[in-house]
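J.: Okay, here's the prediction I keep looking at, along with the sequence it came from:
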Amino acid sequence: MKITLNKNRNNVYKYLTASLLTYLALTTAIFAAEQSIHGIIDTRLITVDGAKNSSSYLLGGYGKFDNKYDSAATLAQLGISYKASWQNNFSINIVANAFSNKKKDNIGITEAFIHYKGLPNSSGWRLQGKAGFFYPTISLENNAVAWSNPNTLNNSTLNTWVAEELRNTGVQVTVEKLGKFTRSKHDFSLNLSLFQNNDTAGAMLTWHGWTSGTRQSLFQEKLKLQPFPARQQGKPLAIQAPYSDPFLELDNRWGAHIVAQWKVKNKQHPLKINLGYYNNNTASSIEIKGQYTWKTRFVHAGFKTKLAKKLTLLGQYMHGNTYMKGKYGGFAVNANFTSAFIMLRKYWQKHQIALRIEEFSVDDLDNTWGDNNQEYGKGLTLSYRYRLSKNNFIQSEYNWLQSNRPARWYVKQPIDLIERQLQLAFRVYF
Amino acid sequence: MIRLNLFILLLLSFGCIANSTSILVLAANASPIENMVVYLTPQKAISINSINTKPLIINQKNKQFVPYIEVIQKGKNISFHNNDDITHHIYSVSGKNRFDFKIQGNHVKESPNLNSVGEVAMGCNIHDWMSGYVLVVDTPFFTKTNKQGRAIFANLPAGKYELTVWHPQLDVAKNKVTQNITLPNSKKWQIKLPKKLLPLPSQESDEDFDFLEGY
């Protein structure tokens, strides 16, 4: 068992080494690459108000924000995006991130991949490909440097989960049809990924529920689990490791993610819609070193449009199921999950106001003792951004989350809880 | 002195009549229309190869092709001037005049010579909304209409010509209308488009933030 685990890890390292060697070979090639470095420095003053002594989900508690019940100065994100691109349409992209909020500092790689972007042909068909460690195409919020969110400080619960547990290690092929070549307003694209190293996806979502923050799990990062009774000695989930390893391969099977996108180029009301299906396709009942395979499938949908000049509306929806089984079959953990948000954004001159409302739930479908994962909640985010200069922004934000989660009773916190957070950020983009 | 000036003025006026040809292009609603490509193809071979010796410059400015529409004589090339501080990947992928290259911020690059007549539809593979057109013509007599909707040609040799008005958003066969004219002729030439132009592409991103990546 141990050997298999190491082998899989070794494959990843081999892959990264191969990428690095390819990179070195290419840099010495006759056609020198064009290199660019962009990034974000996001420092904040925060104050969180929740249950007394509640700890952030990042520290293994049930607190829904990535900051604990406290006031603090944090480095919410230091993200660097390095890109080397060649005339032959290939590029290498490496994104590194560092985060520092109390007792939970980390630095590492969040993405590393080779990208090919072909030229469109005369009817507007274009092929793109990716290979490496990269985000699945889900978020409509996180489209800025180093997967940062330019509109709000905290991501929606939906995309906070994407950042925490979802990352593809594999290949992605995108076929696009650009309408302008046939003087059409419509662009279409279909994007298929085959991936590994995402076999535990769903564990954190089930065990701590939906959360909201800025954190992105790093390549090497392990995530601390909540202390629910089913994990105690002699109880059903006693073998589960205290930390979940989010980007781990356990069964050597490939998962798949497919996304279809439709864009309408309309000057007044441009529209973007995407629909996707994710299935990590794990084999059940596998456990290695306390890490179980979780079978996670979900559908997701998103849209983005302009209601008026400088007034945009975007929304996303996700619904799916995840389960893990013990060694001898039978559902140990089985849950349906749903999250949806809608965000309205108005911008003018140097100002921007964003309002996001969301709703989320986890339905616990198993009868495992000491592992109640039932959850229902709502959230509201109000954010104001001011541009000091091209690169510098000040942003203040209020986050409000109301949730019902019986599991909080395990740590003697109220089942019904309202958590609030106030943030003031200074963000530098370069 | 006054008499001399008057004389020059008269001479110039006659000169205009004799050596300058103005063609008025009207939209379907009869208002003058600017930035229409107008060219005259002599029906008999003439000895002038080129009178437009000025190189054609197309700028990339604020992630747009400026100007959006241009015309060039066959055999010449385009000089791309990237005024942005970011890289563009300019391409022409249809017709016979195909090329593509990356051009770094604040750099200049020349296209290969455009040796085939016809439309060159340009785009940028990084910024999909960028769009620009160049028409390659096999005649030295070409221009675009000015704000008053006039295409003005100087020193046209006498003879028969085919007059063509072209625009990528002119929604008729080959995006052009033609008419035969004979020069010199004191007649004021004018041509009216049969249809309203389709809307011009906005060349604007739907996004407003400067630091976006391809997520």
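T.: Yep, that arrived.

J.: What's the mean pLDDT across stretch A:77-94?
T.: Taken as a whole, stretch A:77-94 carries a mean pLDDT of 95.

J.: for chain B, what are the nearby residues on the stretch 201-350 of chain A?
T.: A:K265, A:K267, A:P270, A:K272, A:K304, A:K306, A:K310, A:Y347 (C-beta under 8 Å from any C-beta of the partner chain). Where you see a C-beta, it was placed from the backbone N, CA and C, and this is true even at glycine.

J.: Can you read off the pLDDT for the last one?
T.: I take that to be A:Y347. pLDDT, A:Y347: 97.

J.: Could you check how far it is from B:L197?
T.: As judged by C-beta to C-beta, to the nearest Å, A:Y347 and B:L197 stand 31 Å apart.

J.: How many neighbouring residues does the residue of chain B found nearest chain A have?
T.: Per C-beta to the nearest C-beta, B:S94 is where chain B lies closest to chain A, at 3.6 Å. Other residues near B:S94 come to 18 when the count uses other C-beta atoms under 10 Å in any protein chain shown.

J.: Okay, now the unreliable bits of chain A?
T.: A:1-16, A:20-31, A:102-103 (pLDDT under 70).

J.: Quick check, the residue in it closest to chain B?
T.: For chain A, C-beta to the nearest C-beta, closest residue to chain B: A:S122, 3.6 Å.

J.: Under a three-state scheme, what state does that residue occupy?
T.: Counting by DSSP: H, G, I helix; E, B strand; the rest coil, the backbone at A:S122 sits in coil.

J.: What values do phi and psi take at the closest residue to it other than its chain neighbours?
T.: Excluding the flanking residues, the one nearest A:S122 by C-beta to C-beta, 6 or more residues apart in numbering or on different chains is B:S94, at 3.6 Å. Here is the backbone geometry of B:S94 (degrees, to the nearest 10): phi -120, psi 170.

J.: which bits of chain B sit near chain A?
T.: B:87, B:91, B:93-95, B:100-102, B:104, B:121, B:123, B:125, B:128-129, B:131, B:198-199, B:201-202, B:204, B:206-213, B:215.

J.: one more time with 6 Å, if that's ok
T.: For chain B, the residues in contact with chain A (C-beta under 6 Å from any C-beta of the partner chain) are B:91, B:93-94, B:100, B:102, B:125, B:202, B:206, B:209, B:211-213, B:215.

J.: which parts of the lengthiest strand in chain A are buried?
T.: Longest strand in chain A by number of residues, with DSSP state E as the criterion: strand A:331-348. Within strand A:331-348, the residues that count as buried by 16 or more other C-beta atoms under 10 Å in any protein chain shown are A:332-343, A:345, A:347.

J.: partners of it, with directions?
T.: strand A:311-325 (antiparallel), strand A:351-364 (antiparallel) (DSSP bridges).

J.: What is the neighbour count of the closest residue to B:S116 other than its chain neighbours?
T.: Leaving aside its sequence neighbours, B:S116 sits nearest to B:K96 (C-beta to C-beta, 6+ apart; 3.6 Å). Using other C-beta under 10 Å, B:K96 has 12 neighbouring residues.

J.: before we move on, what about B:I72?
T.: With other C-beta under 10 Å as criterion, B:I72 counts 22.

J.: Look at it and give its secondary structure.
T.: strand.

J.: before we move on, the earlier item: can you put the strands paired with strand A:331-348 in a markdown table and add mean neighbour count?
T.: Output for those, formatted as a markdown table (neighbours: other C-beta atoms under 10 Å in any protein chain shown):
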| stretch | mean neighbour count |
| --- | --- |
| strand A:311-325 | 20 |
| strand A:351-364 | 19 |
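
J.: wait, isn't A:I394 in contact with A:Y386?
T.: Yes. Counting by C-beta atoms under 6 Å, A:Y386 is a contact partner of A:I394 at 4.8 Å.

J.: domain assignment for chain B?
T.: Per automatic domain parsing, the structural domains of chain B span B:21-49+B:155-195, B:52-139.

J.: What separates the first and last residues of the shortest one, distance-wise?
T.: Just to be clear, that refers to domain B:21-49+B:155-195. The straight-line separation of the ends of domain B:21-49+B:155-195 (C-alpha to C-alpha, to the nearest Å) is 25 Å.

J.: Distance from the chain centre to that domain, please.
T.: The chain centre lies 12 Å from the centre of domain B:21-49+B:155-195; the measure is C-alpha atoms, centre = their mean, to the nearest Å.

J.: ditto for the longest one
T.: Shown here is domain B:52-139, whose average C-alpha point lies 12 Å from the average C-alpha point of the whole chain (C-alpha atoms, centre = their mean).

J.: beta partners of residue 134?
T.: All of this is about chain A. Beta-bridge partners, per DSSP bridges, of A:F134: A:N168.

J.: wrong one, chain B
T.: B:E70, B:V120.

J.: didn't it look like it was pressed against B:E70?
T.: Yes. In terms of C-beta under 6 Å, B:V134 counts as a neighbour of B:E70; the distance is 4.7 Å.

J.: quick one on the thing from earlier: the residue nearest to A:S122 reaches A:N121, doesn't it?
T.: No. Look at B:S94 against A:N121 with C-beta under 6 Å: they stay out of range, at 8.2 Å.

J.: ok, then the element right after the helix or strand of chain B at the bottom of the mean pLDDT ranking?
T.: Lowest mean confidence among the helices and strands of chain B (mean pLDDT, DSSP states H and E): helix B:2-19, at a mean of 42. Sequence order places strand B:20-26 as the next helix or strand after helix B:2-19, per DSSP states H and E.

J.: pLDDT (mean, whole number) over that next one?
T.: 93.

J.: what comes up buried for it?
T.: Neighbour count says strand B:20-26 has B:T21, B:I23, B:L24, B:V25, B:L26 buried, by 16+ other C-beta under 10 Å.

J.: want to throw these into JSON lines with distance to A:I46?
T.: Shown next, in JSON lines, are those (distance: C-beta to C-beta, whole Å):
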{"residue": "B:T21", "distance to A:I46": "72"}
{"residue": "B:I23", "distance to A:I46": "68"}
{"residue": "B:L24", "distance to A:I46": "66"}
{"residue": "B:V25", "distance to A:I46": "62"}
{"residue": "B:L26", "distance to A:I46": "64"}
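
J.: to the chain's geometric centre, what's the distance from stretch B:131-141?
T.: With C-alpha atoms, centre = their mean, you get 6 Å for stretch B:131-141.

J.: for it, which positions count as buried?
T.: Those buried within stretch B:131-141 under the rule 16+ other C-beta under 10 Å are B:S131, B:G132, B:Y133, B:V134, B:L135, B:V136, B:V137, B:T139, B:P140, B:F141.

J.: just stretch B:32-52 next, same as before
T.: Quick answer for stretch B:32-52 (16+ other C-beta under 10 Å): B:P32, B:I33, B:N35, B:M36, B:V37, B:V38, B:Y39, B:L40, B:P42.

J.: Which secondary structure state does A:A283 sit in?
T.: Going by three-state DSSP: A:A283 is coil.

J.: State the phi and psi torsions of it.
T.: phi -80, psi 140.

J.: So, low pLDDT: which residues of chain B?
T.: Residues of chain B meeting the criterion pLDDT under 70: B:1-18, B:47-51, B:186.

J.: What separation do you get for the closest residue in space to A:N266 that isn't next to it in sequence and A:K265?
T.: The shortest distance from A:N266 to any non-neighbouring residue, by C-beta to C-beta, 6+ apart, is to A:K185 (6.3 Å). Counting by C-beta to C-beta, the separation of A:K185 from A:K265 is 5 Å.

J.: Looking only at neighbour counts, state which of the two leads.
T.: A:K265 (20 against 15).

J.: Surely that one and A:S184 touch.
T.: No. With contact defined as C-beta under 6 Å, A:K265 does not count as touching A:S184 (8.7 Å).

J.: B:L135 and A:L424, how far apart?
T.: 55 Å.

J.: I appreciate the help and will end here.
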